[in-house]
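Undergrad: Quick one: sequence plus predicted model below, questions after.
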Amino acid sequence: MYDVVIIGAGIGGLICGCGLAKYGYQVVMLEQHSMVGGCCTSFRRGGFHFDAGAHLLSGCGSGGALYRILKNLEAKTDLIKVNDYERININNICYEYPTTLMGLKKYLCELQPHESENIYRFFKDIRSKKIKDRLKDISYTVFLDRYFDSKIIKTILSAMWLYLGNEPSRLCALDAVDVFYSYWNEGTYYPQGGAQTFVENIAQKFVETGGRILLSKKAIRIEKIKQGYEIIDHTGQVYQAEFVVNNSDFKSFFKSCGANVKLNAIAADLFNHGKESIAFFCSYWGIHCDDSYVQSKSGWYIDEKQGTTFLITIPSLTDRSICPDKCHIIDVFTPCDGRDKKVQLERQKMLIESIFINIESKVIQVETANYKTFERYTSNYHGCAYGWDHSVTKEGNRRLPYLIGNNIYQVGHWAESGSGVMAAAISGQLVAQKISGREGLF
Ligand SMILES: Cc1cc2nc3c(=O)[nH]c(=O)nc-3n(C[C@H](O)[C@H](O)[C@H](O)COP(=O)(O)OP(=O)(O)OC[C@H]3O[C@@H](n4cnc5c(N)ncnc54)[C@H](O)[C@@H]3O)c2cc1C
C-alpha cells in the first residue's frame, strides 16, 4: 500500500511527486510513455535533440514562481535566458522590444508617444487585484480597447496569444495578462540540455527522495476501496493508496477508467461541459548552417491578411549542446486546424523558405507533429496543448478545483492554476501542500 499514486509524469505530476516524497510520503508514479515529461519532452534524430512541445519557460527570473519551486526542491536544472529582446514580425515589419517591463513600456511609448499615459496605466492596472478580478468575464480584445486606440500597440501586446491558444477576441483577459506579464517582465528561459533533460532532472530528484516511477505503465482503471483507491495498470498490476493524484487528461481518464469514482459537483460539471484547448502543428528542422544564418530570425510571425500566426524558435542559439557542430534547430508552431500533415507542412515550409533563404540546401532533418502525435504521446484529448480552453465562452475558461473527489486531486494544466509549464508546476506544489497539510514552499 502506497500513500499516494500519481497518474502521469508530466510537469504537474513530477513536481507534486517531488514535494510529497520530500515530506516523507510513499509515492508511486505511473507513466504510460517510455519517458517522463508529457508535453514537455524531447526526441532525438540524427544528432539533433528536438523539443517536441514546451521549451520556452516563464516564471524563471529570480523571484519567478517556477524558479522558486525548482530551487526549493533542489532539482538540478539550469535555465538560460533566451534573449534580451522579443521579436514580433507583423505584416513583414519587425518590432523588437526588450524583455523587461521598463524596457517594454519605454519601447511602446517611443513607438506611439500619444499612447504613453495609457501604456503606463495599462501596466499599472494589470497588477492591481481589484482590476484583475473584473477581467474574468471579458475578452482580451475588449480589455485592450479600454486603454488603446493604436492598433499596433494592441497587436504587439497580443502577439503571445499562442501561449494560451485563443485569438485575442476570444481569449479571457485574466489569463492573458497573467501569462503575458511573466514573459514581458522576466523574459523567456530555456532549460539547458533541452526539455527532456529538464524533466529527467526533476524525475531524478523524485527518485532520489524516495519516490518510485514506473514507465510504460498506463493506468486503465480506478476503483474505490475501503482504505482509499486501487489503480490498475494495463498489465493488470494493482496499486493501492490512500490518495490519488491525477496528472492525465481529466475527462479522458475518468470517462474511460473512473466510472465508479464519485467526483465532486464542479468536477462533474466540467466532465460534461468542459471544452478543451487547441493543439499545435509543429515542424522541427535540423539544418547545417552558421550562427549568422539563423540569428535574429526567431519570434512571432503575424500575417493579418492571411490571418496566420506562427512562432519560430531557434533553441540552438541559446544552447549549443542540443545539436551537432555547425548546425542549428528551427522549430515552427501553428495552431492545428485539422488539415493533414502534408498540407500543414507545406504552409510552414512556405513561411520558412521566405525567412531562411536557400534553406532546402541546408536541411539535414525535418520532423513534424500534429494533434494526433500529441494525443498518442500524452493522451490529452485531440493532443490539446493547454488543458481547458481559455476562451470567455460559457464552455471555456473553466478550471478544476485541485480536490476533485474524496482524496482525489488533479494537477497539471487541467487544474485550477491554468496551463503552461509554470502553472502545471504551481499546481503540483499546491497539491503536495494540500495532501500533507503543509503551507509555504517545499
Ligand atoms: C506543442 C506544444 C508547445 C508548448 N509550448 C509551451 C511553452 O513553450 N511553454 C510553456 O510553458 N508551455 C508550453 N506548452 C504547454 C505545456 O507543455 C503544458 O501545459 C504542460 O507541460 C502540461 O503539463 P501537465 O503536467 O499538465 O501534463 P502533461 O504534459 O499533459 O502530462 C501528462 C502525463 O500523463 C501521462 N498519462 C496520460 N494518461 C495516462 C494514464 N492513463 N496512465 C499513465 N500515464 C498517463 C502522459 O503520458 C503524460 O506524460 C506547450 C504544449 C505543446 C503541446
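TA: Thanks, I have the structure now. Residues are numbered from 1 along each chain as shown.

Undergrad: Tell me how far Arg127 lies from Gly61.
TA: 16 Å (C-beta to C-beta, to the nearest Å). In short, each C-beta sits where N, CA and C put it, glycine included.

Undergrad: Settle it for me: which of those two has more neighbours?
TA: Gly61 (18 against 12; other C-beta atoms under 10 Å).

Undergrad: Isn't that one up against Trp184?
TA: No: the criterion here is C-beta atoms under 8 Å, and Gly61 misses it with Trp184 at 11.2 Å.

Undergrad: wait, what's in contact with the residue in the stretch 101-250 of the chain that the ligand sits nearest to?
TA: Residue of the stretch 101-250 of the chain nearest the ligand, by C-beta to the nearest ligand atom: Ser248 (3.1 Å). Counting by C-beta atoms under 8 Å, 6 or more residues apart in numbering, Ser248 makes contact with 7-8, 10, 32, 219, 379, 412.

Undergrad: Throw the residues you listed into JSON lines and include distance to the ligand, thanks.
TA: Shown next, in JSON lines, are the contacts of Ser248 (distance: C-beta to the nearest ligand atom, whole Å):
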{"residue": "Ile7", "distance to the ligand": "5"}
{"residue": "Gly8", "distance to the ligand": "2"}
{"residue": "Gly10", "distance to the ligand": "2"}
{"residue": "Gln32", "distance to the ligand": "4"}
{"residue": "Ala219", "distance to the ligand": "4"}
{"residue": "Ser379", "distance to the ligand": "4"}
{"residue": "Gly412", "distance to the ligand": "2"}
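
Undergrad: Next step: those residues restricted to helices.
TA: Assigned to helices by DSSP state H, none of those qualify.

Undergrad: Poorly predicted segments of the chain, please.
TA: 394-396, 440-442 (pLDDT under 70).

Undergrad: residue furthest from the geometric center of it?
TA: Lys226 (36.6 Å; C-alpha atoms, centre = their mean).

Undergrad: measure it to Ser292 for me?
TA: 67 Å.

Undergrad: quick one: buried residues of stretch 374-386?
TA: Within stretch 374-386, the residues that count as buried by 16 or more other C-beta atoms under 10 Å are 374-375, 377-386.

Undergrad: Dump it to PDB, restricted to CA.
TA: Provided in PDB are the C-alpha atoms of stretch 374-386 (Å, rounded to 0.1, in the frame of the first residue of the first chain):
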ATOM      1  CA  PHE A 374       0.500  14.700 -29.300                       C
ATOM      2  CA  GLU A 375      -2.600  12.700 -28.400                       C
ATOM      3  CA  ARG A 376      -0.600   9.500 -28.900                       C
ATOM      4  CA  TYR A 377       2.200  10.500 -26.600                       C
ATOM      5  CA  THR A 378       0.300  12.400 -23.900                       C
ATOM      6  CA  SER A 379      -3.300  11.100 -24.000                       C
ATOM      7  CA  ASN A 380      -4.500  14.700 -23.900                       C
ATOM      8  CA  TYR A 381      -7.800  14.900 -25.900                       C
ATOM      9  CA  HIS A 382      -7.000  15.700 -29.600                       C
ATOM     10  CA  GLY A 383      -3.500  16.500 -28.500                       C
ATOM     11  CA  CYS A 384      -4.600  19.700 -26.800                       C
ATOM     12  CA  ALA A 385      -1.700  21.800 -25.700                       C
ATOM     13  CA  TYR A 386      -3.100  23.700 -22.700                       C
END
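
Undergrad: All further residue positions should be reported with the first residue as 13.
TA: OK, 13 is where the count begins now, so the last one is stretch 386-398.

Undergrad: what does it rub up against?
TA: 22, 44-45, 50-51, 53, 64-65, 176-177, 260-261, 263-265, 288-292, 348, 382-385, 399, 425, 431-432.

Undergrad: can you check stretch 70-83 too?
TA: By C-beta under 8 Å, 6+ apart, stretch 70-83 touches 27, 69, 89, 91, 93, 191, 194-195, 197-201, 214, 432-434, 437-438, 440-441, 453-454.

Undergrad: could you redo the last one with a cut-off of 6 Å?
TA: 89, 91, 194-195, 198, 201, 434, 437-438, 441 (C-beta atoms under 6 Å, 6 or more residues apart in numbering).

Undergrad: what comes up buried for it?
TA: Buried, per 16+ other C-beta under 10 Å, within stretch 70-83: 70-73, 76-82.

Undergrad: Show the end-to-end separation of it, please.
TA: End-to-end distance of stretch 70-83 (C-alpha to C-alpha, to the nearest Å): 15 Å.

Undergrad: Same check on stretch 119-138?
TA: One end of stretch 119-138 sits 18 Å from the other (C-alpha to C-alpha).

Undergrad: At the contact with the ligand, which residues of this protein appear?
TA: Contact residues (C-beta under 6 Å from any ligand atom) of the chain with the ligand: 19-25, 42-45, 50-52, 65-69, 230-231, 259-260, 265, 292, 294, 345, 386, 390-392, 397-398, 424-425, 431-434, 436.

Undergrad: Mind doing that once more with 5 Å?
TA: Selection of the chain residues close to the ligand by C-beta under 5 Å from any ligand atom yields 19-20, 22-24, 42-45, 50-52, 65-66, 68, 230-231, 259-260, 292, 390-391, 397, 424-425, 431-433, 436.

Undergrad: Show me the helices in the stretch 13-162 of the chain, by range?
TA: 23-34, 77-85, 113-123, 128-137, 141-144, 152-157 (DSSP state H, counting those that start in this stretch).

Undergrad: helices and strands around the longest one, which ones?
TA: Secondary-structure packing of helix 23-34 (3 or more C-beta pairs under 6 Å, 6 or more residues apart in numbering; DSSP states H and E): strand 14-19, strand 39-42, helix 207-220, helix 433-448.

Undergrad: Same question for the fifth one.
TA: Applying 3+ C-beta pairs under 6 Å, 6+ apart, one finds that helix 141-144 contacts no other helix or strand.

Undergrad: Check what contacts it and list those residues.
TA: Residues contacting helix 141-144 (C-beta under 6 Å, 6+ apart): Asp137.

Undergrad: Next, the buried residues of it.
TA: Under the neighbour-count rule, helix 141-144 has none buried (16+ other C-beta under 10 Å).

Undergrad: Now that helix - C-alpha only, PDB.
TA: Backbone C-alpha positions of helix 141-144 (Å, rounded to 0.1, in the frame of the first residue of the first chain) are rendered in PDB as follows:
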ATOM      1  CA  LYS A 141      -6.000  42.800  -7.800                       C
ATOM      2  CA  LYS A 142      -9.200  44.900  -7.900                       C
ATOM      3  CA  ILE A 143      -9.000  45.400 -11.600                       C
ATOM      4  CA  LYS A 144      -7.900  41.800 -12.300                       C
END
